[in-house]
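Trainee: Sequence and predicted model, in that order:
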Amino acid sequence: MYDPPMSKRTKVFHIITKLELGGAQQNTLYTVGHLDRSRFEPYLIANDEGILVEEARKIPDLKTYFIPEMIREINPLTDFKGYQRIKAILRENIKPGEKAIVHTHSSKAGILGRWAAKAIGVPVIIHSIHGYAFHDFQHPFVRQAYITLEKITAPMTTKFIAVSQKNIETGVKEGIFARERAVLIRSGIDIARFRDVTVDKAALRRDLGVPVDAPLVGTVANFKPQKAPLDFIRVAELVRKEVPEAKFVYYGDGELRGEVESLIKKLKLEDTVILAGWRRDVPEILHCIDVFLLTSLWEGLPRVLPQAMSAGKPSVATAVDGSPEAVKDGENGYICEPRDVVAMAEKVVYLLKNPEIARRMGEKGRTMVDEWDIDLMVRQQEELYDALLR
């Protein structure tokens, strides 16, 4: 195969709102870090705050631009400044007539980045849908406003990437794009990192303050309304009534932490629920739990579900967006309606009381996870880039 000289590489600009510790952010960094450097010259544009900013700065052969005007909240003046900054960066780096790709992620960066790319004539503009900004738990006016923004911006998009079939169906249903304008590329994970783990379970449980033989239910999510962390606490209260020795661990943090702590105190769950904060040993903790629980109200397709599958753990998750594409009800876990804490608690109790069934479900999940391979994700994106450039 002919490898073009470095000067002929195609410039690829990934634009994302904020580099928080989340699936979209981690996968974006993995992509810009692993694109074939003989063919692609990667750039990253993002807000200057977030736990992953320093990680981004360390990626070899990656040009980074961090702009404070890229914020998640809607602010017309700041948003216009962000749009102007992105446009200036693109114009500075892309010569007239030069082949280039702009690849946006998240709603705000998706709007500003695509408009800026269109304004200077970037030939290929891709937007990845990691879940939509609109959902069923919003005021109808707010929801429709987000849909309208997506519809207005969609015509300047060469191709949409969705992490779940459900996100594609939603885009078609809402009139944002036609079915042929979207392609499915799973949000990948390092399967081996979560499958092949050596961990001292007793030591890690002691570090968490959990008895070695206690049934343990865990989750990994931020404390935001999307993840419904208060529902996780309510499930813990119901499970404790049936399995008094059960413990719950929540890996994450965020804006609702105060409310979470207050509910734990109100329900007298201080000895049942452990708030572990953000940690980097997620693969190890997944190997120490018995059941994974995700109480989200909306999603794209959360990477943490295939992570739990790789670790051989059954999941109880809500039937939102792409989650049922990972958790097949009755096969490798259970799916419940969002907000139905009673049903979620019943499924968790069933799995804790039937460890052999839980083990078989976990093993079944291991056999279903290959399509979430993170290197496959990068290769599929490269193939899409090549096809669109042609």
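Mentor: Nice, I can see it. Numbering: from 1, shown residues only.
Trainee: if I look at Glu242, how far off is Thr219?
Mentor: 19 Å (C-beta to C-beta, to the nearest Å). Every C-beta, even on glycine, is put in place using the N, C-alpha and C of the backbone.
Trainee: Of those two, which one has the most company?
Mentor: Thr219 (25 against 14; other C-beta atoms under 10 Å).
Trainee: Could I get the pLDDT score of the nearest residue to the more buried one once chain neighbours are set aside?
Mentor: Excluding the flanking residues, the one nearest Thr219 by C-beta to C-beta, 6 or more residues apart in numbering is Leu293, at 5.2 Å. On the pLDDT scale, Leu293 is placed at 98.
Trainee: Can you pull the domain assignment for the protein?
Mentor: The domain map for the chain lists 6-188+373-389, 191-370, with the assignment taken from automatic domain parsing.
Trainee: residues contacting the residue nearest to Thr219?
Mentor: 217-219, 232, 235, 248, 315-317, 344, 348 (C-beta atoms under 8 Å, 6 or more residues apart in numbering).
Trainee: Quick one, which of the residues you listed are buried?
Mentor: Among the contacts of Leu293, those classed as buried by neighbour count (16 or more other C-beta atoms under 10 Å) are 217-219, 232, 235, 248, 315-317, 344, 348.
Trainee: returning to that earlier point: specify which member of the contacts of Leu293 is nearest to Arg181.
Mentor: Ala317 (28.8 Å; C-beta to C-beta).
Trainee: how would you label the closest one: helix, strand or coil?
Mentor: strand (DSSP: H, G, I helix; E, B strand; the rest coil).
Trainee: check contacts around it.
Mentor: By C-beta under 8 Å, 6+ apart, the contact set of Ala317 is 292-294, 296, 305, 323, 326-327, 333-336.
Trainee: Give me the sheet partners of the helix or strand containing the residue nearest to Thr219 and which way each runs.
Mentor: Using DSSP states H and E, Leu293 falls within strand 291-294. Sheet pairing for strand 291-294, assigned by DSSP bridges, gives strand 216-220 (parallel), strand 315-318 (parallel).
Trainee: Distance from it to the middle of the chain?
Mentor: 16 Å (C-alpha atoms, centre = their mean, to the nearest Å).
Trainee: now do stretch 190-207
Mentor: That offset, for stretch 190-207, works out to 21 Å (C-alpha atoms, centre = their mean).
Trainee: just stretch 264-284 next, same as before
Mentor: Worked out by C-alpha atoms, centre = their mean, stretch 264-284 lies 21 Å from the chain centre.
Trainee: Between the two ends of it, what distance do you get?
Mentor: Start and end residues of stretch 264-284 are separated by 25 Å (C-alpha to C-alpha, to the nearest Å).
Trainee: what is the mean pLDDT for that stretch?
Mentor: Computed over stretch 264-284, the average pLDDT equals 94.
Trainee: What of stretch 132-148?
Mentor: 89.
Trainee: hmm, back to that, please tell me how far the residue nearest to Thr219 sits from Pro244.
Mentor: 18 Å.
Trainee: go on, Phe80?
Mentor: From Phe80 to Pro244 the distance is 56 Å (C-beta to C-beta).
Trainee: repeat for Gly277
Mentor: 26 Å.
Trainee: can you put the buried ones among the contacts of Leu293 in a markdown table and add pLDDT and distance to Glu92?
Mentor: Compiled in a markdown table, these are given as follows (pLDDT from 0 to 100; distance: C-beta to C-beta, whole Å):
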| residue | pLDDT | distance to Glu92 |
| --- | --- | --- |
| Val217 | 98 | 50 |
| Gly218 | 97 | 46 |
| Thr219 | 97 | 43 |
| Phe232 | 98 | 46 |
| Val235 | 98 | 51 |
| Phe248 | 98 | 50 |
| Ser315 | 98 | 46 |
| Val316 | 98 | 49 |
| Ala317 | 98 | 44 |
| Met344 | 98 | 50 |
| Val348 | 98 | 53 |
